[in-house]
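Visitor: Predicted model and sequence follow; I will ask about them next.
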Amino acid sequence: MNTKSAYLLIEERIAADKRGSILHRWRYGRELLKAKAGRQRLPKGFTASLMAEAERAGLKGLSDREIQYRMAFASAYPTERHSRTAVRLFGTWTELRDAGFPPVDEGFAKRLDLIEQSTAVMLAGAGGDMNANALDAYNAGRAA
């Protein structure tokens, strides 16, 4: 029985997403960090096996350097909230990668989440009271 690894499943999602699926790259990187299991490096031959598995599945473009970038991405942003904030700030994988995965402020991340929630409520047309409540929540987050 030939089962796909978690890495290959994520790689397929990356390949299928026309926007490059930055968050899937972060998830892939988190899996890589788990594989390091406290060591400084991945086990010998590990990246070669990942690249070979992707190649066998017909997925092109996975390189040792791309794997290193994904690990750096996951290391720089320990939570999905952090990674989502970085994605919002930089927009593309190339821009984020070229910026060197700079740190993001947790307070800023929370404020962006509140803005998105407020925007969703307003776009849903939930009514004036709901919009005012969303704005109040946003302003309360800014004061925090």
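Guide: Arrived safely. As the structure is a computational prediction, the values presented were derived from the model and not from experiment.

Visitor: contacting residues for the spatially most central residue of the chain?
Guide: Nearest to the mean C-alpha position of the chain, by CA atoms, centre = their mean, lies Leu23 at 2.6 Å. Each residue near Leu23 by CB atoms under 8 Å, 6 or more residues apart in numbering is listed here: 80, 83-84, 87. (C-beta placed from N, C-alpha, C; glycine too.)

Visitor: What residues sit buried inside whatever helix or strand it lives in?
Guide: If you go by DSSP states H and E, Leu23 is part of helix 22-36. Within helix 22-36, the residues that count as buried by 16 or more other CB atoms under 10 Å are 22-32, 35.

Visitor: With stretch 112-127 instead?
Guide: Across stretch 112-127, burial judged by 16+ other CB under 10 Å covers 112-114, 118, 121.

Visitor: With stretch 97-105 instead?
Guide: 97, 101, 104.

Visitor: what's in contact with it?
Guide: Stretch 97-105 is contacted from outside by 69, 72-73, 75-77, 82, 85-86, 89-90, using CB under 8 Å, 6+ apart.

Visitor: Return it as PDB; C-alpha atoms alone will do.
Guide: Extracted C-alpha coordinates of stretch 97-105, given in PDB (Å, rounded to 0.1, in the frame of the first residue of the first chain):
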ATOM      1  CA  ARG A  97      10.900  35.300   1.400                       C
ATOM      2  CA  ASP A  98      13.000  38.200   0.000                       C
ATOM      3  CA  ALA A  99      12.300  40.300   3.100                       C
ATOM      4  CA  GLY A 100      13.900  37.500   5.200                       C
ATOM      5  CA  PHE A 101      10.800  36.700   7.200                       C
ATOM      6  CA  PRO A 102      10.800  39.700   9.500                       C
ATOM      7  CA  PRO A 103       9.100  39.600  12.900                       C
ATOM      8  CA  VAL A 104       5.500  40.600  13.400                       C
ATOM      9  CA  ASP A 105       4.100  42.100  16.500                       C
END
